[in-house]
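> generate a structure from the sequence data that follows.
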Amino acid sequence: MKAGLIVRLVLFAALALFLAKPAAFEFLLAPLTKNGQPAIYVQNSLLNLTLSHIAIVIMATAAGSVVAIALAILVTRPAGQEFLPLSRTLANVGQTFPPVAVLALAVPVLGFGTAPTLVALFLYGLLPIFENSLTGLTTIAPNVEESARAAGMTETQRLLQVDLPLALPLILAGVRLSVVISIGTATVGSTVAASTLGEAIIAGLINSNLAFVVQGGVTVGILAILAADLLGIAERWALRRSGRVMPPAAA
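Purely as a prediction, here's the structure:
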């Protein structure tokens, strides 16, 4: 446990230093270049690209979480159970169409930039959040529900005070999976002029500069590891507070 924490802290420190002073790492990246190519991507600040990348992922995940959790709540209430097949179909849309295809369809409507990338990430991240929310809300022990009813709780009170708190660990597990997927997928947004770390990767591929590809790819990888760890901490905290045994995740 301590060794893993030390590794994560080292990764975070190395990433922070690299983004603040990329020139300090030029000696490591220079061997990956050829014919006098620059080793550090300077067409745009790597720090700005990283912050923009993170912001896009957060916005898409937040929107996806609201929609997915709302759908899961709807189909687990008596009045909305008949909408479960439709909700599953909607949640599967993003997984059915690759993000690149979504971008191609969105650009003519939304134009180039961040907007089509947000749509692609939103759709791609719906499924894990929806399925995990659905699992969390449908695996609550019957005796807990009966106790809540016996205490005179209304449907809304049971949802807010019992169902959602108990389902929170699984909901966070779905959010964690969605975030990790989105961090990697967001790189394709640079193909439609969104400001992401894919910009450095694409520039490296176009110019056959492996150094650009590595600094973009490694930064994305470290971000995904750190995000998974942070959300994993939140997930374990929610699990301890709920006091329930985690059922198998749906995604």
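> starting at the chain centroid, how far to the one helix or strand residue 48 maps to?
Using DSSP states H and E, residue 48 sits in helix 46-76. The chain centroid and the centroid of helix 46-76 are separated by 7 Å, computed with Cα atoms, centre = their mean, to the nearest Å.
> helix/strand/coil for the spatially most central residue of the chain?
Centroid check for the chain by Cα atoms, centre = their mean gives residue 179 as the closest residue, at 1.0 Å. Of the three states, residue 179 takes helix according to DSSP: H, G, I helix; E, B strand; the rest coil.
> that older thread, which other helices and strands contact whatever helix or strand comes next after the helix holding residue 48?
Next in sequence after helix 46-76, counting helices and strands by DSSP H and E, comes helix 84-96. Packing partners of helix 84-96 (3 or more Cβ pairs under 8 Å, 6 or more residues apart in numbering; DSSP states H and E): helix 46-76, helix 114-138. To be clear about C-beta, it is placed using only N, CA and C from the backbone, and glycine gets the same treatment.
> what residues of the first one count as buried?
Within helix 46-76, the residues that qualify as buried are 46, 49-50, 52-54, 56-57, 59-61, 63-65, 67-69, 71-73, 75-76, counting by 16 or more other Cβ atoms under 10 Å.
> where does the prediction get shaky in this structure?
Counting by pLDDT under 70, the chain has low-confidence residues at 1, 243-251.
> tell me the angle of the helix holding residue 48 relative to helix 84-96?
Interaxial angle, helix 46-76 versus helix 84-96 (axes from the mean of the first three to the mean of the last three Cα atoms, to 10 degrees): 160 degrees.
> by contact count, what packs against helix 46-76?
helix 2-20, helix 84-96, helix 114-138, helix 164-185, helix 198-206, helix 210-242.
> out of the ones you listed, which gets nearest to residue 39?
Closest approach to residue 39 among the helices and strands packed on helix 46-76 (Cβ to Cβ): helix 210-242, 4.7 Å.
> now do that closest one and helix 2-20, the angle between them.
130 degrees.
> hmm, back to that, what sits against the residue nearest to the centre of the chain?
57, 61, 125, 227-228, 231 (Cβ atoms under 8 Å, 6 or more residues apart in numbering).
> ok so, going back, can you redo the helices and strands packed on helix 84-96 as CSV with distance to residue 162?
CSV is the format used below for the helices and strands packed on helix 84-96 (distance: least, Cβ to Cβ, whole Å):
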stretch, distance to residue 162
helix 46-76, 13
helix 114-138, 10
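> out of the ones you listed, which is closest to residue 33?
helix 46-76 (16.2 Å).
> quick check: angle from that closest one to helix 114-138?
Going by the same axes, to 10 degrees, helix 46-76 makes 40 degrees with helix 114-138.
> from residue 143, how far out is the spatially most distant residue from the centre of the chain?
In the chain, the residue that sits farthest from the middle, by Cα atoms, centre = their mean, is residue 150; the gap is 38.8 Å. Relative to residue 143, residue 150 is positioned 10 Å away (Cβ to Cβ, to the nearest Å).
> could you do residue 28 as well?
In terms of Cβ to Cβ, residue 28 sits 58 Å off from residue 143.
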